[in-house]
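**Q** Predicted model and sequence below, questions to follow.
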Amino acid sequence: MALPRKLQPAPLGDTDPFTPTPARPVRVRAREMPVDSHFEPHRHAWAQLAYCASGVIQVNLHAPTAPTSYIVPPSRAVLIAPGALHAVAVLEAAAFRTLYIDPSVVPPDWSGCRVMAVTPLLRELVSALDPVGGPAPAPAREAALTALVLDEIGHAESLALGVPLPGPHSDKRLRAVCQAVLDAPGRYATLQDWAADSGASERTLARLFRGQFGMGFAQWRKQAVLAHALPRLARGEPVGQVAAASGYASESAFSAMFKAAMGQPPSWFMGKNG
């Protein structure tokens, strides 16, 4: 098995062509990234929009009180605020697209990370800003495209995706259950069953989930299931097989949950591994 390929984030400086400035507030960087490559935890002075034209990446927000893991397929992007400590791993070979956004155009309510839908318009705008193999747009066109990109991001739908993780000082029973679910989300469907293995009562675990994440176990587990299912679908595994591994008794029930969360049926993501 190939070893993970560790990549270092580019140390962008004032003269680097990818560094955003107030005069050129959005810069696009396109890279082809093989599976298992990753960027160690790092932060930027600017905001970043990370998504894939193809493939699947994982973005981990290293917040001390609310660490979160995001699985990013081609239809979704993660908006990372200036200064947010984050790491990136490639789960399936990816055509990685990164938008660096100058702080001067970042709204004050952009903090931490959030997931947004990548609309067809945004996808085309990014391609126009950074035409692969083609000439760079003229300054006036670049300014117009940049304004449209920022407007599209500002109006994009925020999505309740991402798996919030317990911090290192959280209750050890909560940490144990969360790790067990992440390792095998299809093992049990209910908190009562997970509680039987944890040494805590169902009521105690329900309170811990609410207190730590602000959501119930069922909602948290759904995020874990999506994070588990997306890479498997991208590898081309049959939907029924992924549904069973995710703890769903029927493919139709899994597909309904998946489409409601992701905006596309599971079949849309099959084989989208770059």
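**A** Cool, got the structure.

**Q** okay, CA-based contacts and neighbour counts for the rest of this
**A** OK.

**Q** I'd like the distance between the nearest residue to D171 once chain neighbours are set aside and L159.
**A** Spatial nearest neighbour of D171, excluding adjacent residues (C-alpha to C-alpha, 6 or more residues apart in numbering): L208 at 7.8 Å. Between L208 and L159 the distance is 24 Å, computed by C-alpha to C-alpha, to the nearest Å.

**Q** before we move on, what about W46?
**A** Taking C-alpha to C-alpha, one finds W46 at 22 Å from L159.

**Q** What of K222?
**A** 13 Å.

**Q** Please identify which of these two sits among more neighbours.
**A** Each of K222 and L159 has its neighbours counted (other C-alpha atoms under 10 Å); K222 has more, 19 against 15.

**Q** Show the contacting residues for A184.
**A** Contact partners of A184, counting by C-alpha atoms under 8 Å, 6 or more residues apart in numbering, are 245-246.

**Q** longest helix anywhere in this protein?
**A** For the chain, the helix with the greatest residue count under DSSP state H is helix 217-234.

**Q** List the buried residues of that helix.
**A** Buried residues in helix 217-234, counted by 16 or more other C-alpha atoms under 10 Å: 217, 220-234.

**Q** what separates it from the chain centre, distance-wise?
**A** 12 Å (C-alpha atoms, centre = their mean, to the nearest Å).

**Q** In CSV, please show the C-alpha coordinates belonging to that helix.
**A** C-alpha atoms of helix 217-234 as CSV (Å, rounded to 0.1, in the frame of the first residue of the first chain):
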residue,chain,number,x,y,z
PHE,A,217,-27.1,11.6,18.6
ALA,A,218,-29.3,10.8,15.6
GLN,A,219,-28.3,14.0,13.8
TRP,A,220,-24.6,13.5,14.7
ARG,A,221,-24.6,9.9,13.5
LYS,A,222,-26.1,11.0,10.2
GLN,A,223,-23.1,13.3,9.6
ALA,A,224,-20.8,10.4,10.5
VAL,A,225,-22.6,8.1,8.1
LEU,A,226,-22.3,10.6,5.2
ALA,A,227,-18.5,11.0,6.0
HIS,A,228,-18.2,7.2,5.9
ALA,A,229,-20.3,6.8,2.7
LEU,A,230,-18.9,9.5,0.4
PRO,A,231,-15.4,8.0,-0.1
ARG,A,232,-16.9,4.5,-0.6
LEU,A,233,-19.3,5.8,-3.3
ALA,A,234,-16.5,7.7,-5.0
